[in-house]
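# With the input below, show me the fold.
(2 chains)
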Amino acid sequence: MAKEVTNKEENYSQWYNNLVVKADLAENSAVRGCMVIKPYGYAIWEKMQHLMDKMFKDTGHQNAYFPLFIPKSFLSKEAEHVEGFAKECAVVTHHRLMLNPNGPGVVVDPEAKLEEELVVRPTSETIIWNTYKNWITSYRDLPILCNQWANVVRWEMRTRLFLRTAEFLWQEGHTAHATREEAMEETEKMVQVYAKFARDYMALPVIVGKKTESEKFAGAVDTLCIEAMMQDGKALQAGTSHFLGQNFAKAFDVKYTTKEGTQEYVWATSWGTSTRLMGALIMAHGDNNGLVLPPKLAPIHVVMVPIFKTDEEHAAIIAVMEALAEKLKAASLSVKIDDRDNVRSGFKYAEWELKGVPVRISIGPRDLQNGTVEIARRDTLAKEFVNADAAAGRIVDLMDEIQNNIYNKALKFREENTYVVDTWDDFKEKIEKGGFLLCHWDGTRETEEKIKELTKATIRCIPMDTDVMKEEGKCVYSGKPSKQRVIFARSY
RNA sequence: CGGGAUGUAGCGCAGUUGGUUAGCGCGCCACGUUCGGGACGUGGAGGUCGGGCGUUCGAGUCGCCUCAUCCCGACCA
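Got it, this is the predicted structure:
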């Protein structure tokens, strides 16, 4: 039988596409650039949603919902914002179909043209700030701390499952504050929430940093981000938090009355993460046998595969499994007993490995005799036999072990593929291998663009959470003075 | 929108200078033998060959048009 997943060392992008489909996470849809998220993939996304949602609530935010459609005129109120998104907007121009007078099917009714076209939201700043205008009159109305779980549409030229699709699911936080300081604090607070989520739940080491002028969000004053390294050495932006200054408040004329009775524009932030995180999860931890899920996000923690010949053996094994499953469920683990009789155990092993289930239990006649169970862990593929009584405890411990192990593995990979680079020759050589290059940069847009043109590498961020980088030096390209190192990499 | 490629069964593909009833592998269904790392045998179901027009006695195969998908660019907080 053919191998299910291709070799990631040979062709990373083929490995990725194949894995997404074969592990039952998602597939391409009939609609160009759009994705169908399958139940198994969605279950992982749901876990992410619940965990993130809790973090947002714990930091004082509330969920709300704003319209899918944005009047075209709203989008154009903030100059940089519209410039950034104009090229990738889906637009609704009509509101009715009619039977085709010249043949079968339906056609757009020309009579039903909209007075003003509606843009399918590529992001919701404009519709939300148009709404916030009505919510805010006094300093007593502030801050407003809202989050929205929604879908957005960006008509990208080229798409890839989870990483860049025409429609994707995400959350977008939109906050309004009385002062610049408070808004900046919020921006930083939320990027740290994302970093914590990535590290603690996704087992994904990330670097927190600030985007350069050319890489920041259209309409933002500053964009903070978390950047992760995938196993091909490319960078993936996993979340962003924007300090919007008063840009949107001015565009939508949102002012409040201060304690002193003066009128001030409101300060804003927005922050978002998307189903792209699924792509990060796959690319950061997957191996040639398939997905490797961190226990904290796995829809199924433990899968049990019975091995038997006779009905008697089967009954006895299932009884042992059910007893063990009860104990595991009591410890809040989700357990699946794979009792299918149309596939053999080897097939099941391969299939659950492909789906990244952290722990697999096998019980056969031999175990029955010895009072043992076989425990196999997905991250290392190691197997061990333990006494049936000790199994539940061991499995619970394994969850933390696996969670930590894959984080450390990913961190080690990132460290091994991060280079301090001081010369242009070294830069050109290292960038071909992939990885993060820590370099001095003269701070100009010209240098940044030139380097991108020559090497396809961009500045992923100016790191904020480390002091190691804050030494002075000379720009790797221009030789001009630089205050600190930045991260260059090729990216998704 | 430029450059390249591909559309044949659910999936992956073969199909010769145009030739009669379009094949193969996987998967699927039935039965049997198997079952501690992706089993095997036998039988079976499943096709408007992406669509349209044309050339021809005859088109999966040739020509033109069209649609779709993929890869490389352009594009992409």
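
# hey, let's count contacts and neighbours off CA atoms from now on
Will do.

# Show me what from the stretch 301-450 of chain A comes close to RNA strand B.
A:307-310, A:341, A:343-351, A:353-354, A:362-368, A:373-374, A:376, A:381 (Cα under 7 Å from any atom of the strand).

# Got a quick ChimeraX command for the buried subset of those?
Filtering those down to the buried ones (16 or more other Cα atoms under 10 Å) takes a single ChimeraX command:
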select /A:307,308,345,348,349,351,353,354,362,363,364,365,367,373,374,376
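
# what about A:I451, neighbour count?
20 (other Cα atoms under 10 Å).

# Could you list the low-confidence segments of the stretch 351-492 of chain A?
A:468 (pLDDT under 70).

# Now do the SS call for the residue nearest the centre of chain A.
Geometric centre of chain A, nearest residue: A:L277, 1.5 Å, by Cα atoms, centre = their mean. Here A:L277 is recorded as helix under DSSP: H, G, I helix; E, B strand; the rest coil.

# how about the helices of the stretch 351-492 of chain A, start to end?
A:365-370, A:388-416, A:424-433, A:445-455 (DSSP state H, counting those that start in this stretch).

# Restricted to strands, list the residues of the stretch 301-450 of chain A next to RNA strand B.
In strands, judged by DSSP state E, the following of these are found: A:S362, A:I363, A:V373, A:E374, A:A376.

# Show me how far the lowest-mean-pLDDT helix or strand in chain A is from its chain's centre.
Ranked by mean pLDDT, DSSP states H and E, the helix or strand of chain A with the weakest confidence is strand A:106-108, at a mean of 77. Distance of strand A:106-108 from its chain centroid, counting by Cα atoms, centre = their mean, to the nearest Å, is 38 Å.

# Same question for stretch A:253-264.
Using Cα atoms, centre = their mean, the offset of stretch A:253-264 from its chain centre is 38 Å.

# ok, now stretch A:381-401?
On Cα atoms, centre = their mean, the centre of stretch A:381-401 falls 30 Å from that of its chain.

# Which positions in that stretch come out as buried?
A:F385, A:V386, A:A388, A:A391, A:A392, A:I395, A:V396, A:L398, A:M399.

# How about stretch A:312-322?
So for stretch A:312-322, counting by 16+ other Cα under 10 Å, buried means A:E313, A:H314, A:I317, A:I318, A:V320, A:M321.

# Please identify the residues of the stretch 101-250 of chain A in proximity to RNA strand B?
Neighbours of RNA strand B within the stretch 101-250 of chain A, by Cα under 7 Å from any atom of the strand: A:P122, A:T123, A:E156, A:M157, A:R158, A:T159, A:R160, A:E215, A:K216, A:F217, A:A218, A:T240.

# Am I right that the first one falls within a strand?
Same thing as A:P122. No - assignment of A:P122 by three-state DSSP gives coil, placing it outside any strand.

# That one and A:E156 touch, don't they?
No - the criterion here is Cα atoms under 8 Å, and A:P122 misses it with A:E156 at 10.8 Å.

# end to end, how far does stretch A:254-262 reach?
End-to-end distance for stretch A:254-262, by Cα to Cα, to the nearest Å: 14 Å.

# returning to what we had before: element containing the closest residue to the residue nearest to the centre of chain A other than its chain neighbours, please.
In space, A:L277 comes closest to A:A238 once its chain neighbours are excluded; the distance is 6.1 Å by Cα to Cα, 6 or more residues apart in numbering. Assigned by DSSP states H and E, A:A238 belongs to strand A:235-245.

# Contacts for that strand, please.
A:180, A:183-184, A:187-188, A:190-191, A:194, A:217, A:219-230, A:267-274, A:276-277, A:280, A:435-436, A:460, A:489-492 (Cα atoms under 8 Å, 6 or more residues apart in numbering).

# ok, now with 7 Å
Applying Cα atoms under 7 Å, 6 or more residues apart in numbering, the external contacts of strand A:235-245 come out as A:180, A:183-184, A:187, A:190-191, A:194, A:219-230, A:267-273, A:277, A:489-492.

# Convert that strand to CSV, retaining C-alpha atoms only.
This file holds the C-alpha atoms of strand A:235-245, laid out as CSV (Å, rounded to 0.1, in the frame of the first residue of the first chain):
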residue,chain,number,x,y,z
ALA,A,235,8.8,32.2,9.2
LEU,A,236,5.1,32.3,9.9
GLN,A,237,3.3,35.3,11.3
ALA,A,238,1.0,33.7,13.8
GLY,A,239,-0.8,36.7,15.3
THR,A,240,-0.8,40.5,15.2
SER,A,241,-1.8,43.2,17.6
HIS,A,242,-2.1,46.8,16.2
PHE,A,243,-1.8,50.1,17.9
LEU,A,244,-4.1,52.2,15.6
GLY,A,245,-3.4,55.5,17.3
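
# and the following helix or strand past it, how far out from the chain's middle?
For strand A:235-245, the succeeding helix or strand toward the C-terminus, using DSSP H and E, is helix A:247-251. Between the centre of helix A:247-251 and the centre of its chain there are 28 Å (Cα atoms, centre = their mean).

# go on, stretch A:296-315?
31 Å.

# Ends of it, what's the gap?
End-to-end distance (Cα to Cα), stretch A:296-315: 32 Å.

# Quick one: mean pLDDT over it.
Across stretch A:296-315, the average pLDDT comes to 95.

# Can you give me the neighbour number for A:Q62?
Neighbour tally, A:Q62, other Cα under 10 Å: 15.

# Give the full set of residues in contact with it.
A:L145, A:C146, A:N147.

# which of those residues lies closest to RNA strand B?
Using Cα to the nearest atom of the strand, A:N147 comes nearest to RNA strand B of those, at 13.8 Å.

# Is it correct that the closest one is in contact with A:G173?
Yes - between A:N147 and A:G173 there is a contact under Cα atoms under 7 Å: 4.0 Å.

# Give me the nearest residue to A:K259, chain neighbours excluded.
Using Cα to Cα, 6+ apart, the nearest residue to A:K259 is A:Y139, at 6.9 Å.

# ditto for A:M399
In space, A:M399 is closest to A:P295, 5.7 Å off (Cα to Cα, 6+ apart).

# A helix includes A:V191, no?
Yes - counting by three-state DSSP, one finds A:V191 located in a helix.

# The residue lying closest to it once chain neighbours are set aside bridge partners, please.
The shortest distance from A:V191 to any non-neighbouring residue, by Cα to Cα, 6+ apart, is to A:S241 (5.5 Å). When assigned by DSSP bridges, A:S241 has beta-bridge partners A:L224, A:W271.

# count of residues packed around A:R96?
Residues lying near A:R96 (other Cα under 10 Å) number 13.

# what about it, distance to RNA strand B?
21 Å (Cα to the nearest atom of the strand, to the nearest Å).

# ok, the residue nearest to A:E472 when sequence neighbours are not counted - contacts?
Closest residue to A:E472 apart from its sequence neighbours, by Cα to Cα, 6+ apart: A:K483 at 4.5 Å. If you count contacts by Cα under 7 Å, 6+ apart, A:K483 has them with A:K470, A:E471, A:E472, A:G473.
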